[in-house]
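K.L.:
Here is a sequence together with a model predicted from it:
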Amino acid sequence: MNTNGLGFLLVGGGVLGVVVWLLHKLGRALATIAEVLAAAAVVFIALWSAVKLLAWLGKQVFTHWRTSLGVLAVVAWWQWLGWPSLAITVGSVAVVLVVWRLLDVVSFDRCCGRFLRAWWLRWFTYARKLPGWLHACGLSISDGTMPVEVTVNLVGRRRKAVSRTAGGGTAVQVPRVLGVKSGPSWDEVRVRLVPGQKPEDFDDAARALAVARKVTRCQVRELEPNVVSLDFQRRDLLKAPVDCAELPDLAAVNPVDLRRVFTGRTEYGQNWRLPLTGPGAHMLVAGATGAGKNSVMWSPLVSAASAIRAGTVRVSGIDPKGMELAYGRGIFARYGVAGKEAIEVLDDLLDGLESRKREFAGRTREVPISTDYPLEVLEFDEIGALTKYTDRKTREAIVERVAILTTQGRALGYTVRGYVQEPTKDTVPVRELFPRRVCLRVTSKTHVGMVLGDGAYERGAWANRIEESAAGVGYIWGEGIREPLRVRAGWVPDETVKALETYVTNGGAHVIDLPVRHGGEEVAA
Ligand SMILES: Nc1ncnc2c1ncn2[C@@H]1O[C@H](COP(=O)(O)OP(=O)(O)OP(=O)(O)O)[C@@H](O)[C@H]1O
């Protein structure tokens, strides 16, 4: 090798060394920058996730403030006062609730039980399982036609609400649970529809939803254009017919509390009692044909049999059909079928009312019920037949007399109980004068409000949904009942009506011969 070659080799080696040194420096600088960037990214992602978590928590606390406050209170208690005092308090509250429930299930459920149950069902049944049921019943929206649109960045992966997932599956939108209400027999689950759904889709899937929930019935109510209520019937204590009271022994002494006469059962499995006297005794029962109006009539009469037999209760009947009451004709002291006879019955009752008024005015504020002054109960079957579907004169006369009896009768010992198929104001102009109403199966949702008052349907009195097979089932509301209560009247078979007639007439109940009136003059019959 000559001198030139050696010099070239030395220069080349020196340049290579410098390049390697520079690359080394550059690599280290880049590695440092990458480290700093990675550390910054980790910190940023951690901070971002913390902010997101806080935002989510804030939203949960805001939207589910009761649950959040409850949890917060429990945690705070545990922290500051210790778990023994928390356990003792929770245990004591549980004991109080159990005792309350055992003593009075209705007030417990009304004030407390239904809220606890709704909370439990919302979080542990519907929020967890309903999306799956809805999806399985075809009530979700999945869009397989839209393109994949997934954005991946440093702070996570973002995708459109309706889009295919990165894995090739299809994203699904399921209606969201907005709230749960729980009654003694039904749960109402409000859900918000997703775009692309309509309430009718839910109607079609109601049966499948009931099967998914493992209940016999599910009904759908449209609350808003995009909100429906899925109503699941959890249980039905009124499925089987309820027996009416037994007729008492002839020899036994059977005092009857006429303010609380056994009529049937409530959906809580408790006795349903109606007053035959006192506040709320005048009663209007509405129900389509075959709804079981007559069992609401007969059942209290069977329960009050001994009082009727003893003469402290006297029953009169107006029976435009001439069938139902005629079957127990002997039970009724006064009885009328057509318009003229009905007016005679009403006039006779009004005469008694007037004479009681004269006798007791200034002496007492309420006539004491006795055999001398018996409780006069008027059973007015198919009241609409005589307050609408008859000639105008008869109609007006009857409406006027019924109005007097219902407005003045209570303190004087007169009670009117009317039964109607079509509860419109047109059919029963005196509808509002009956303080107690019972709504059996009706043909229209609007009838529910007409009978039980505004808001009754919205609060769960779904009398238009009662099945035809459930005769005697209905709803009561008002008069101290805060939520519509489902009830079933005791079934009174024909032989019991006959036995009641025999029981009552053997005891000396007498049939009053009504005076025949012509143009206001009285002629003894
Ligand atoms: N409480 C009840 N439990 C079980 N079944 C009942 C009850 N009440 C009525 N039913 C059944 O329903 C049928 C019709 O009842 P009911 O005659 O009382 O109806 P309604 O409302 O008076 O009808 P209509 O107005 O046509 O006379 C009865 O023959 C009986 O089979």
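P.N.:
Thanks, I have it.

K.L.:
Can you tell me the SS state at whichever residue of the stretch 1-150 of the chain sits closest to the ligand?
P.N.:
Across the stretch 1-150 of the chain, the shortest distance to the ligand (C-beta to the nearest ligand atom) belongs to residue 106, at 20.8 Å. To be clear about C-beta, it is placed using only N, CA and C from the backbone, and glycine gets the same treatment. Look at residue 106: counting by DSSP: H, G, I helix; E, B strand; the rest coil, its state is helix.

K.L.:
So what's the residue count around it?
P.N.:
18 (other C-beta atoms under 10 Å).

K.L.:
That one and residue 268 touch, don't they?
P.N.:
Yes - the pair formed by residue 106 and residue 268 meets the contact definition of C-beta atoms under 8 Å, at 5.6 Å.

K.L.:
got a list of what the closest residue to residue 491 other than its chain neighbours touches?
P.N.:
Distances taken as C-beta to C-beta, 6 or more residues apart in numbering place residue 241 nearest to residue 491, at 4.5 Å, with adjacent residues excluded. Residue 241 is in contact with 472, 488, 491, counting by C-beta atoms under 8 Å, 6 or more residues apart in numbering.

K.L.:
and if we set it to 10 Å?
P.N.:
264, 292, 295, 470, 471, 472, 473, 488, 489, 490, 491, 493 (C-beta atoms under 10 Å, 6 or more residues apart in numbering).

K.L.:
got it, and residue 115?
P.N.:
66, 109, 181, 182.

K.L.:
Just read off the phi/psi values of residue 56.
P.N.:
phi -60, psi -40 (degrees, to the nearest 10).

K.L.:
follow-up on the earlier one: now do the residue of the stretch 1-150 of the chain closest to the ligand, the pLDDT please.
P.N.:
For residue 106, the pLDDT comes out at 80.

K.L.:
Check the secondary structure at the nearest residue to residue 352 once chain neighbours are set aside for me.
P.N.:
In this structure, residue 352 finds its nearest non-sequential neighbour in residue 376, 6.5 Å apart by C-beta to C-beta, 6+ apart. Under three-state DSSP, residue 376 falls in the strand class.

K.L.:
Equivalent analysis for the one 10 residues further on, please.
P.N.:
Following three-state DSSP, residue 386 is assigned to helix.

K.L.:
same deal with residue 415?
P.N.:
Applying three-state DSSP: residue 415 is strand.

K.L.:
ok, what's across the strand from it?
P.N.:
Beta-bridge partners for residue 415, by DSSP bridges, are residue 377.

K.L.:
Correct me if wrong: it contacts residue 402.
P.N.:
No - with contact defined as C-beta atoms under 10 Å, residue 415 does not reach residue 402; the gap is 12.0 Å.

K.L.:
Which one of the residues in the stretch 301-450 of the chain is closest to the ligand?
P.N.:
For the stretch 301-450 of the chain, C-beta to the nearest ligand atom, closest residue to the ligand: residue 421, 5.5 Å.

K.L.:
Identify the residues contacting that residue.
P.N.:
Contact partners of residue 421, counting by C-beta under 10 Å, 6+ apart, are 286-291, 293, 382-385, 427, 440, 442-443, 447.

K.L.:
Now for those residues, which sits with the most neighbours around it?
P.N.:
Highest count within the contacts of residue 421 by other C-beta under 10 Å belongs to residue 286, 32 neighbours.

K.L.:
In three-state terms, how would the residue lying closest to that residue once chain neighbours are set aside be classified?
P.N.:
Once flanking residues are discounted, residue 286 sits nearest to residue 423: 3.9 Å by C-beta to C-beta, 6+ apart. Recorded secondary structure, residue 423: coil (three-state DSSP).

K.L.:
near the ligand, which residues of the chain?
P.N.:
Within the chain, the positions adjacent to the ligand are 241, 287, 289-295, 421, 471-472, 488-489, 491 by C-beta under 6 Å from any ligand atom.

K.L.:
make it 8 Å
P.N.:
Selection of the chain residues close to the ligand by C-beta under 8 Å from any ligand atom yields 241-242, 264, 287-297, 299, 321, 323-324, 381-382, 419, 421, 440, 470-473, 488-492.

K.L.:
re earlier: of the contacts of residue 115, which qualify as buried by neighbour count?
P.N.:
109, 181, 182 (16 or more other C-beta atoms under 10 Å).

K.L.:
pLDDT added to the residues you listed, as CSV?
P.N.:
Shown next, in CSV, are those (pLDDT from 0 to 100):
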residue, pLDDT
109, 83
181, 90
182, 89
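
K.L.:
Export the residues you listed as CSV, with columns for distance to residue 195 and secondary structure.
P.N.:
Formatted as CSV, those follow (distance: C-beta to C-beta, whole Å; DSSP: H, G, I helix; E, B strand; the rest coil):
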residue, distance to residue 195, secondary structure
109, 38, helix
181, 26, strand
182, 29, strand
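
K.L.:
longest single strand anywhere in this structure?
P.N.:
strand 481-491 (DSSP state E).

K.L.:
who does that strand touch, helix- and strand-wise?
P.N.:
helix 105-108, strand 242-243, strand 261-266, strand 271-274, helix 293-303, strand 436-440, helix 445-452, strand 473-478 (3 or more C-beta pairs under 10 Å, 6 or more residues apart in numbering; DSSP states H and E).

K.L.:
and that strand, which strands flank it?
P.N.:
Counting by DSSP bridges, strand 481-491 is paired with strand 242-243 (parallel), strand 261-266 (antiparallel), strand 473-478 (antiparallel).

K.L.:
And these: which comes nearest residue 41?
P.N.:
strand 473-478 (63.3 Å; C-beta to C-beta).

K.L.:
in that closest one, what's buried?
P.N.:
Those would be 473, 474, 475, 476, 477, for strand 473-478 by 16+ other C-beta under 10 Å.

K.L.:
Distance of the fourth one relative to residue 301?
P.N.:
So that's residue 476. To residue 301, residue 476 is 18 Å away according to C-beta to C-beta, to the nearest Å.

K.L.:
Could you do the second one as well?
P.N.:
Residue 474 sits at a distance of 18 Å from residue 301 (criterion: C-beta to C-beta).
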